[in-house]
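Asks: pasting the structure only:
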């Protein structure tokens with residue numbers, strides 16, 4: 001049995017989120033929460049919120065023991081890109097791509 005949580009259209013680049021997900025993959029859920037709390041990365045805030053949501057799903061929907069949960073799978077994929085224009089010298093325009101992410105997390109119980 002597994003508990004899932006998804007965060008879609010998060011306004012942060014996927015490669016920044018991937019670094020954070022690599023830190024918590026295959027770790028116990030409470031240890032992963034502690035890692036996210038004390039890691040100074042921008043992606044830690046939405047991932048911590050997602051982990052908390054997945055833990056609540058496991059407890060309330062599937063009656064799983066929260067102390068035995070671990071991060072079984074976590075992945076990020078690229079969402080839509082917001083394209084913005086920045087004025088530059090000599091009347092030129094410079095494109096700024098504001099990327100977004102779809103983050104998914106799966107928690108399982110240790111046997």
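Replies: Structure received. The structure displayed is predicted, hence computed values, not measured ones.

Asks: Who are the packing partners of the longest helix along the chain?
Replies: The single longest helix within the chain, with elements called by DSSP state H, is helix 44-62. Under the contact criterion of 3 or more Cβ pairs under 8 Å, 6 or more residues apart in numbering; DSSP states H and E, helix 44-62 touches strand 2-10, helix 14-24, helix 29-37, strand 69-78, strand 101-109. Just so you know, the C-beta spots here come from the backbone N, C-alpha and C atoms, and that holds for glycine as well.

Asks: Ok, which of those comes nearest residue 93?
Replies: Shortest distance between residue 93 and these, using Cβ to Cβ, is found for strand 69-78: 23.7 Å.

Asks: who wins for proximity to residue 44 among the helices and strands packed on helix 44-62?
Replies: Set against residue 44 and scored by Cβ to Cβ, these come closest in helix 29-37, at 4.7 Å.

Asks: Would you indicate which residues of the closest one are buried?
Replies: Buried residues in helix 29-37, counting neighbours by 16 or more other Cβ atoms under 10 Å, are found at 29, 32-33, 35-36.
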